[in-house]
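Q: please work out how this folds:
(one chain, ligands or ions: 1)
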Amino acid sequence: MRPLIAGNWKMNGNQREAARLAEALRGGAENADLLICPPFVHIHQVAALMLGSRVAVGAQDCHAAHHGAHTGDVSAAMLRDVGATHVILGHSERRTNHGENDAAVLAKTEAALTAGLIPIICVGETEAERLSGLADSVVEKQLGGSIPYGFITAGGIVAYEPVWAIGTGRTPTDRDIAAMHATMRTALVERFGPAARTTRLLYGGSVKPSNAAAIMALPDVDGALVGGASLVAEDFLAIAGAVPE
Ligand SMILES: O=C(COP(=O)(O)O)[C@@H](O)CO
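A: The predicted structure follows:
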């Protein structure tokens, strides 16, 4: 399957910086699909700039409700309306800073699917959980609790992001990444059947140009979710360029 390199811009950039970064990515990449996920306030502008390009635009979160009295929140339908096609859900920063649990991620994922957005569900263990030998069971529980039926056929995506690798410059060994992706594939196929063999499984956590080729070559790694390096166009394109042909 064609890999996906997704950039999570997190809470960075003003309008001018967002436009400049988006323009620099407009040409896309040879061997991978590109997705960029700006902050909510830049999605409309960036989606307009990307019209007619091979680069998709997504959001970093959505509310579970379609509309209503939810001060400060944004619905999946609103995101679709301003040009988003994807939404990241259950990122560890949302789970930690906003207390989101698997049930909340499940509800948001259902809302995203209803609105016609492709969800990217993030899962991953803390360092303490890995050191205790709990990484597999933590990720399997997150997958079991946050993925609804309909996710696989809608092209839903899963990102394995060990919490301790996010923004730290540290990554699991290639062997550990491959093992976790195999675990996730098995869990998805057991639950959803053979269709889950083509579900994209992304790796995220300190992906950069220097380690992208090795990570992208691993079995069951179908792309990357990139944070810091996605804010520098040359680095993001270099990561996309590291995808094997
Ligand atoms: O959080 C993520 C990884 O961030 P890095 O800065 O690449 O470690 C992931 O969601 C991409 O944003």
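
Q: does the ligand have contacts with the lengthiest helix in the chain?
A: When the chain is parsed with DSSP state H, its longest helix is helix 174-192. No. Helix 174-192 stays clear of the ligand (C-beta under 6 Å from any ligand atom), getting no nearer than 13.5 Å. Quick note: C-beta positions are derived from backbone N, CA and C, even for glycine.

Q: buried sites along that helix?
A: For helix 174-192, a neighbour-count test (16 or more other C-beta atoms under 10 Å) marks 177-181, 183-185, 187-188, 192 as buried.

Q: nearest residue to the residue of the chain found nearest the ligand other than its sequence neighbours?
A: Closest contact between the chain and the ligand, by C-beta to the nearest ligand atom, is at Gly227 (2.2 Å). Leaving aside its chain neighbours, Gly227 sits nearest to Asn8 (5.3 Å; criterion: C-beta to C-beta, 6 or more residues apart in numbering).

Q: quick one: that neighbour and Ser230 touch, right?
A: Yes. Using C-beta atoms under 8 Å, Asn8 is in contact with Ser230, at 6.4 Å.

Q: look up phi and psi at Ala18.
A: Main-chain torsions, Ala18, degrees, to the nearest 10: phi -60, psi -40.

Q: which residues does it contact?
A: Neighbouring residues of Ala18 by C-beta atoms under 8 Å, 6 or more residues apart in numbering: 9, 38-39, 42, 45-46.

Q: per-residue pLDDT, it?
A: According to the prediction, Ala18 has pLDDT 98.

Q: next: Pro244.
A: With respect to pLDDT, Pro244 scores 86.

Q: in stretch 42-51, what's buried?
A: Residues of stretch 42-51 classed as buried: 42-47, 49-50 (neighbour count, 16+ other C-beta under 10 Å).

Q: now stretch 80-88
A: Under the neighbour-count criterion of 16+ other C-beta under 10 Å, stretch 80-88 has 80, 82-84, 86-88 buried.

Q: next, the distance between the ends of stretch 207-226.
A: Stretch 207-226 has an end-to-end distance of 6 Å (C-alpha to C-alpha, to the nearest Å).

Q: just use 50 as the starting number from now, easier for me
A: I'll keep to 50 as the first residue from here, and by that count the last item is stretch 256-275.

Q: buried residues, it. List them.
A: Buried residues in stretch 256-275, counted by 16+ other C-beta under 10 Å: 256-258, 260-261, 264-265, 267, 269-275.

Q: how about the residues of this protein near the ligand?
A: Proximity of the chain to the ligand, by C-beta under 6 Å from any ligand atom, involves residues 57, 140, 210, 215-216, 253-256, 274-278.

Q: need the max-distance pair from these.
A: The span of the residues of the chain next to the ligand, defined through C-beta to C-beta, is set by His140 and Ala278 at 16.2 Å.

Q: between the two, which is the more surrounded one?
A: His140 (28 against 20; other C-beta atoms under 10 Å).

Q: list the residues that contact the nearest residue to that one once chain neighbours are set aside.
A: The spatially closest residue to His140, leaving aside those adjacent along the chain, is Cys171, at 4.7 Å (C-beta to C-beta, 6+ apart). Contacts for Cys171 were tallied using C-beta under 8 Å, 6+ apart; they are 137-141, 207-208, 210, 253, 274.

Q: what about whichever strand or helix holds Cys171, average pLDDT?
A: Assigning secondary structure by DSSP states H and E places Cys171 in strand 167-172. In this model, strand 167-172 has a mean pLDDT of 98.

Q: so which elements touch the helix or strand following that strand?
A: Under the assignment DSSP H and E, the closest C-terminal helix or strand after strand 167-172 is helix 176-180. If you count contacts as 3 or more C-beta pairs under 8 Å, 6 or more residues apart in numbering; DSSP states H and E, helix 176-180 packs onto no helix or strand.

Q: could I get the buried residue list for helix 176-180?
A: Neighbour count says helix 176-180 has 178-179 buried, by 16+ other C-beta under 10 Å.
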